[in-house]
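Novice: Have a look at this fold, sequence not included:
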């Protein structure tokens, strides 16, 4: 019984550790190149998961500055793959949209308006898939909201 309990506890601890996603600069995967850590809808500075190191957090498809959830701290809203400025849902406030792992400028889906392409955990500048054009990469899974939060952190 003790062995089963210990095994369950170790598996639980391992799943908690695996819940973190690290975001690296460029094509690197070195600890020194970690831009931020994503865990449970919060984006932490560097390799931290300390509460005071929260850069942005996500709640109800809204991205907030720091660990706050006040309306004045909303950076962006996300709806149907479109990212709106602040707390707005006006078409004129669409910053970019994400469709089929491609980031487009504003409300466009034109190949001329491609900002970045997401492929296998790597984010490439424009339509490129050249290693030298990798803006950042991540080693785990990110929800759409978490990805957008990371995008804001990387591009601040």
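Specialist: Right, received. Where do you want to start? Just so it is clear, the model here is predicted, and its values are computed rather than measured.

Novice: Now do the phi/psi pair for residue 132.
Specialist: Torsion angles at residue 132 (phi, psi; degrees, to the nearest 10) stand at phi -70, psi -10.

Novice: Relative to residue 125, how far out is it?
Specialist: 9 Å (Cβ to Cβ, to the nearest Å). Yep, even glycine has a C-beta here, placed from its N, CA and C like the rest.

Novice: The two: which is more packed in?
Specialist: The neighbour comparison of residue 132 against residue 125 (other Cβ atoms under 10 Å) goes to residue 125, with 14 against 9.

Novice: The more buried one bridge partners, please.
Specialist: Counting by DSSP bridges, residue 125 is bridged to residue 116.

Novice: OK, contacts around it?
Specialist: By Cβ atoms under 8 Å, 6 or more residues apart in numbering, the contact list for residue 125 reads 116, 133, 134, 135.

Novice: Skipping adjacent residues, who's closest to the third one in space?
Specialist: The shortest distance from residue 134 to any non-neighbouring residue, by Cβ to Cβ, 6 or more residues apart in numbering, is to residue 27 (4.5 Å).

Novice: Was I right to think the one you found contacts residue 137?
Specialist: Yes: counting by Cβ atoms under 8 Å, residue 27 touches residue 137, with 6.3 Å between them.

Novice: lowest confidence element among the helices and strands of this structure?
Specialist: Within the chain, no helix or strand scores below helix 2-18, which has a mean of 45 by mean pLDDT, DSSP states H and E.

Novice: Can you list the buried residues in the helix or strand that comes right after that helix?
Specialist: Next helix or strand after helix 2-18 toward the C-terminus (DSSP states H and E): strand 21-25. Neighbour counts over strand 21-25 (16 or more other Cβ atoms under 10 Å) mark 21, 22, 23, 24, 25 as buried.

Novice: And stretch 128-139, by the same measure?
Specialist: Quick answer for stretch 128-139 (16+ other Cβ under 10 Å): 133, 134, 135, 136, 137, 138.

Novice: one step back: which residues are in contact with the residue nearest to residue 134?
Specialist: 122, 131, 134, 137.

Novice: Residue 150 now?
Specialist: With Cβ under 8 Å, 6+ apart, residue 150 has these contacts: 23, 35, 36, 38, 43, 136, 138, 142.
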